[in-house]
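In: Test case, fold it:
(chains A and B)
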There are 2 protein chains.
Amino acid sequence: MQADASLITPDAIRKVIRNNDYTGNTSGFAPGFVQANLVILPAQYAFDFLQFSQANPKSCPIIASSREAGVVDMPCVGKNIDIRTDLPRYRIFKNGQLIEEVTDIKAYWRDDLVTFLIGCSFSFEEALIAAGIEVRNITEHKNVPMYVTDQPCKSAGIFHANTVVSMRPMKPADAIRAIQICSRFPNVHGAPIHFGDPAAIGIKDINRPEFGDAVTINDGEIPVFWACGVTPQVAIVNAAPELCITHSPGHMLITDIPNSQMAAF
Amino acid sequence: MQADASLITPDAIRKVIRNNDYTGNTSGFAPGFVQANLVILPAQYAFDFLQFSQANPKSCPIIASSREAGVVDMPCVGKNIDIRTDLPRYRIFKNGQLIEEVTDIKAYWRDDLVTFLIGCSFSFEEALIAAGIEVRNITEHKNVPMYVTDQPCKSAGIFHANTVVSMRPMKPADAIRAIQICSRFPNVHGAPIHFGDPAAIGIKDINRPEFGDAVTINDGEIPVFWACGVTPQVAIVNAAPELCITHSPGHMLITDIPNSQMAAF
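Out: Prediction:
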């Protein structure tokens, strides 16, 4: 395998992952291309989940869904995709409980499964960095800190959750620019939903995120909060469907869609 | 009935309509409030339709959907709404054929029906006029001209259609400003999808719209085309579900949502 050549395009990276030659996280892979969160559910839950996503687009922005139950390709986001093998790592949930992490889901595949791809913060972080704004979790080589708020999502069918947010500390001028930049990208969580006082959205301790790692907040910086793709995962745990398959955090589907194509304007 | 007092709020107007005291179109009613297109389908088609909308947000922007099959209120968009009575006029389609226009749908209501509300151009026309841009169909007291293009929507399940567009002629400087203004309103069709040469999107004769009325195009003006809420109606006729109920063109649901709240940024 010629690693350098193989890792140039999303298609080539997916092939390496498909062959189980890489099972790590996809942060920094295929710069410029959209990476997506994965949710796979039995068809009986598909309408409720799509309605939940529709009603909560900032935390659960749908990029694509499978055109019919049981299909494993996803031509609208990339060529030769097999959704069962093309992510490095998956999580299997039964009745809301995580039961296993696996590197492919062939053993779990069924003809009634429907796939949803959800926008991910990697895309807007790239846009922020391109604008010269420091993204602390990247500078510090950490997972972004994520917090469960007291802000309820709109419920839909069996799905309900409080909004989960990710946090990036910034100086006010950078936060203002970040609000402008992220407004252009509604399908990758869009503009922040809060900045400043963590308690105002029910966060008890900014140094103890429920998911990911705490990051440094310097003097003169304020925390800026974005709706986070972990929200639908919380909604799924709450709903406890008999089966649900997601990506493992950070182990995304790399699509053929350029990040620039996600800009709404 | 004190007509003036009654027609101040969306809630009061809906009550007048509910009592069949008004059955005309809602153009110009309750300025400042969102009016919505209506699509009601049996639950078996609901996932496909929501997926079609999700995949084609410019022509089919979903504002809200009923929280479960059979419910007739819609508290997320307004108080005391009864979706069976609160629009002035409805269209009943069976197997894709228009069979009747009615002023309420109580006789057709079933426990398996799911309601969708779709954004409408009234909201962005108000924003254009507020910015000093002439909207020709309003100036000329006509229905906006609408055309079936050769631009296919993304299909979903049984639903497929070519995009239908509405057209408003403008000077280039106004068109540029309109693109900026409408970009802020993705849930009411968003930015235009084309301007200039009608043939480039498969429109044969700009003076013969498939729906609505032709309007004057003055020297120095170019036609500007927006994705149109008639698109999902064409998709429904194509799909021919056993039952579908829509609003009659121009006879919308008036919601309690301020137009300003639809701005994405």
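
In: Poorly predicted segments of the stretch 1-150 of chain A, please.
Out: Within the stretch 1-150 of chain A, the set of residues satisfying pLDDT under 70 comprises A:1-7.

In: correct me, but residue A:16 touches residue A:22?
Out: Yes: the pair formed by residue A:16 and residue A:22 meets the contact definition of CB atoms under 8 Å, at 5.1 Å. Bear in mind the C-beta positions are built from the backbone N, C-alpha and C, glycine included.

In: And for the residue of the stretch 1-150 of chain A found nearest chain B, the neighbour number?
Out: Distances from the stretch 1-150 of chain A to chain B, computed as CB to the nearest CB, single out residue A:47 as the nearest residue at 4.1 Å. Counted with other CB atoms under 10 Å in any protein chain shown, the neighbours of residue A:47 add up to 23.

In: likewise residue A:205?
Out: When neighbours are counted by other CB under 10 Å, residue A:205 comes out with 10.

In: Helix, strand, or coil at it?
Out: coil (DSSP: H, G, I helix; E, B strand; the rest coil).

In: mind listing what residue A:80 touches?
Out: Contacts for residue A:80 (CB atoms under 8 Å, 6 or more residues apart in numbering or on different chains) come out as A:11, A:14, A:15, A:73.

In: can you give me the strands for the stretch 51-200 of chain A?
Out: For the stretch 51-200 of chain A, the strands defined by DSSP state E, counting those that start in this stretch occupy A:62-65, A:90-94, A:97-102, A:113-118, A:146-152, A:162-170, A:194-195.

In: who does the third one touch, helix- and strand-wise?
Out: In terms of contact count using 3 or more CB pairs under 8 Å, 6 or more residues apart in numbering or on different chains; DSSP states H and E, strand A:97-102 is assigned the packing partners strand A:90-94.

In: Strand A:97-102 and the strand it packs on, what's the angle between them?
Out: Using axes from the mean of the first three to the mean of the last three CA atoms, to 10 degrees, the direction of strand A:90-94 lies 150 degrees away from that of strand A:97-102.

In: Output strand A:90-94 as PDB, restricted to C-alpha atoms.
Out: Backbone C-alpha positions of strand A:90-94 (Å, rounded to 0.1, in the frame of the first residue of the first chain) are rendered in PDB as follows:
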ATOM      1  CA  TYR A  90     -19.000   1.800  15.300                       C
ATOM      2  CA  ARG A  91     -21.100   1.600  18.500                       C
ATOM      3  CA  ILE A  92     -23.900  -0.900  18.900                       C
ATOM      4  CA  PHE A  93     -26.800   0.000  21.200                       C
ATOM      5  CA  LYS A  94     -29.500  -2.400  22.200                       C
END
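
In: Show me which residues of the stretch 101-250 of chain A are close to chain B?
Out: Taking CB under 8 Å from any CB of the partner chain as the measure of proximity, the stretch 101-250 of chain A contacts chain B at A:154, A:155, A:156, A:157, A:183, A:186, A:190, A:191.

In: Pretty sure the second one sits against residue A:52.
Out: Yes: here residue A:155 lies in contact with residue A:52, judged by CB under 8 Å, at a distance of 7.3 Å.

In: Could you find the closest non-adjacent residue to residue A:174?
Out: Computed as CB to CB, 6 or more residues apart in numbering or on different chains, the closest residue to residue A:174 that is not its neighbour in sequence is residue A:133, at 4.9 Å.

In: what's the burial count for the one you found?
Out: Residues near residue A:133, counting by other CB under 10 Å: 18.

In: now residue A:218: how far from chain B?
Out: Computed as CB to the nearest CB, to the nearest Å, the residue A:218 to chain B distance reads 28 Å.

In: list the contacts for that residue?
Out: Contacts for residue A:218 were tallied using CB under 8 Å, 6+ apart; they are residue A:169.

In: Then residue A:182?
Out: Contacts here follow CB under 8 Å, 6+ apart; on that basis residue A:182 touches A:124, A:127, A:128, A:189, A:190, A:191, A:192, A:226.

In: Name the SS class of the last one, please.
Out: Just to be clear, that refers to residue A:226. In the three-state summary, residue A:226 is assigned as strand, counting by three-state DSSP.

In: my guess is it contacts residue A:121, does it?
Out: Yes: applying CB under 8 Å as the test, residue A:226 and residue A:121 come out as touching, 6.6 Å apart.

In: quick one, what contacts the residue nearest to residue A:239 when sequence neighbours are not counted?
Out: Ranked by CB to CB, 6+ apart and with sequence neighbours excluded, the top spatial neighbour of residue A:239 is residue A:158, at 4.1 Å. Counting by CB under 8 Å, 6+ apart, residue A:158 touches A:45, A:48, A:239, A:241.

In: go with 10 Å
Out: Neighbouring residues of residue A:158 by CB atoms under 10 Å, 6 or more residues apart in numbering or on different chains: A:44, A:45, A:48, A:49, A:52, A:235, A:236, A:238, A:239, A:240, A:241.

In: now the fourth one: how far from residue A:233?
Out: Distance of residue A:49 to residue A:233, given as CB to CB, to the nearest Å: 12 Å.

In: Would you mind listing the residues touching both of the two?
Out: When contacts are counted by CB under 10 Å, 6+ apart, residue A:49 and residue A:233 are jointly contacted by A:39, A:60, A:244.

In: Most neighbours out of those residues, which is it?
Out: Neighbour counts for these peak at residue A:60, which has 29 neighbours (criterion: other CB under 10 Å).

In: Just give me the neighbour total for the nearest residue in space to it that is not next to it in sequence.
Out: Spatial nearest neighbour of residue A:60, chain neighbours left out: residue A:53 (4.1 Å); criterion: CB to CB, 6+ apart. Applying other CB under 10 Å, we find 25 residues neighbouring residue A:53.

In: wait, isn't residue A:53 in contact with residue A:159?
Out: Yes: using CB atoms under 10 Å, residue A:53 and residue A:159 qualify as a contacting pair, with a distance of 8.8 Å.

In: joint contacts of those two?
Out: Common contacts of residue A:53 and residue A:159 (CB under 10 Å, 6+ apart): A:60, A:153, A:232, A:235.

In: Next up, the contacts around the closest residue in space to the second one that isn't next to it in sequence.
Out: Nearest-residue entry for residue A:153: residue A:56, 4.5 Å, with adjacent residues in sequence omitted and distances by CB to CB, 6+ apart. When the contact criterion is CB under 10 Å, 6+ apart, the partners of residue A:56 are A:152, A:153, A:154, A:155, A:156, A:159, A:161, A:163, A:227, A:231, A:232, A:235.
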